[in-house]
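Engineer: all I have is the shape, not the residue letters:
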């Protein structure tokens, strides 16, 4: 039986700021029941003037564990999805760039039905995929919003607070064990699919603006975060305090990344539905644009990657959150107000911020998740532990991908924790690079093994 799930949406007027000409598009995920993956994805895009259209915005070639090394994302296996074999996966590959003569697999063709329509169809395995259309682009890595050769899908607009904050849309492909099961790797990402029974099992995800003096974005003295409210939130007649997880993005990102690129609402719905965690509120803040003095007086522009500012120092972000963000959340939402049911986690530079919270806001949180943390020495010392013995009583999770460029940094952090006798749970994502499929895997395992579990953690079988 063939089934189709269409991701067609309604054109957002706000998104018009990102588009340089009128366009309509669609992405359809179909269950085929045939090799190589059991599913296919069809892209359609209307553009009457383009001479060529590629698809980029996060789509990557595939590889396997036998053609991939852990050195700066290097991969010799750059496979077209049409050549998929069980156990294949994709890795982020910005360093080094693909060679100029590499044939990008995601190239659209003119439709046989109409001259202005472009079509691309390919099999895809389980996972969340981000994409954008690249009209008149000859080499995908060079075609960005800066060059005017990147168009966000107008019919599947990204989840974002302000136009320009996100530059790709997304879709999810289910797992088919008949065609995708592999003895080497488990690449089943069905935990990123929408939970069944929407009324009972799905929470809500919203953008929230709050007063933050000195903030530059989305308006003067206004900052923003994304909040996930679990199923049942607000329905009880008696006030309930929900466990609270703060979840940070990484460098060059913002609070909407975890939803738009990571599908965090789906992951949380499924963690809750399957009984891994109790209903939990998630707040995903943005650490850029908090204060001009943190960024050499420049505003960070999410939609313009050529305009760069330094990542604000973790100490300054922590102090800002403690002054404005944390009090706002606790004053306006039914959330826990003690460390036993509060957690902080983040990816990459958000992992650095999580480490800052672990060391200098130890008493505020009992659980910490460091996903592919870009931490560098100096690490904790014996003197630090003597001054802060509570570090040994926390639920700490350190995760990184087997092909992640932060692999050694994360191992060094683990060695420092081990040297002080600070117990922690480890997850090495076997297919992971510094990319969202690995971050999804890591937050999923954080929820399953550490988050809200009794302390001290029982680490038996979890290393």
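Structural biologist: All right, it came through fine. Predicted model only: the values in this text are computed from it and were never measured.
Engineer: was I right to think residue 397 contacts residue 446?
Structural biologist: Yes: the criterion here is C-beta atoms under 8 Å, and residue 397 meets it with residue 446 at 4.8 Å. Where you see a C-beta, it was placed from the backbone N, CA and C, and this is true even at glycine.
Engineer: next one: the closest residue to residue 182 other than its chain neighbours from residue 184, what distance?
Structural biologist: If the residues on either side of it in the chain are set aside, residue 182 comes closest to residue 87, at 3.5 Å by C-beta to C-beta, 6 or more residues apart in numbering. Distance, residue 87 to residue 184, by C-beta to C-beta, to the nearest Å: 5 Å.
Engineer: quick check: neighbours shared by these two?
Structural biologist: Residues touching both residue 87 and residue 184 by C-beta atoms under 8 Å, 6 or more residues apart in numbering: residue 65.
Engineer: so between those two, which is more surrounded?
Structural biologist: residue 87 (18 against 12; other C-beta atoms under 10 Å).
Engineer: that one: what's it in contact with?
Structural biologist: Counted by C-beta under 8 Å, 6+ apart, residue 87 has contacts 64, 65, 182, 183, 184, 185, 187.
Engineer: most neighbours, which of those residues?
Structural biologist: Counting neighbours by other C-beta under 10 Å, residue 187 leads the contacts of residue 87 with 21 neighbours.
Engineer: thinking again about what came up before, shared neighbours of residue 397 and residue 446, anything?
Structural biologist: With contacts taken as C-beta under 8 Å, 6+ apart, residue 397 and residue 446 have 345, 369, 427 as neighbours in common.
Engineer: need the contact list for the second one.
Structural biologist: Going by C-beta under 8 Å, 6+ apart, residue 369 touches 343, 344, 345, 346, 354, 397, 399, 442, 443, 446, 450, 451.
Engineer: return the subset of the residues you listed lying in strands.
Structural biologist: Mapping those onto strands (DSSP state E) picks out 343, 344, 345, 346, 397, 399.
Engineer: wait, isn't residue 24 in contact with residue 156?
Structural biologist: No: the criterion here is C-beta under 8 Å, and residue 24 misses it with residue 156 at 10.8 Å.
Engineer: who has more neighbours, the two?
Structural biologist: Taking other C-beta under 10 Å, residue 24 and residue 156 do not tie; residue 156 has more neighbours (21 against 14).
Engineer: which residues in the chain form helices?
Structural biologist: Assigned by DSSP state H, the chain shows helices spanning 177-180, 198-201, 257-260, 264-273, 314-320, 326-332, 349-360, 382-387, 407-419, 436-449.
Engineer: buried ones in the first one?
Structural biologist: When you say that, I think you mean helix 177-180. By neighbour count on 16 or more other C-beta atoms under 10 Å, the buried set for helix 177-180 is 179, 180.
Engineer: how about the contacts made by the closest residue in space to residue 312 that isn't next to it in sequence?
Structural biologist: Closest residue to residue 312 apart from its sequence neighbours, by C-beta to C-beta, 6+ apart: residue 294 at 3.8 Å. Residue 294 sits next to 312, 313, 316, 317 when contact means C-beta under 8 Å, 6+ apart.
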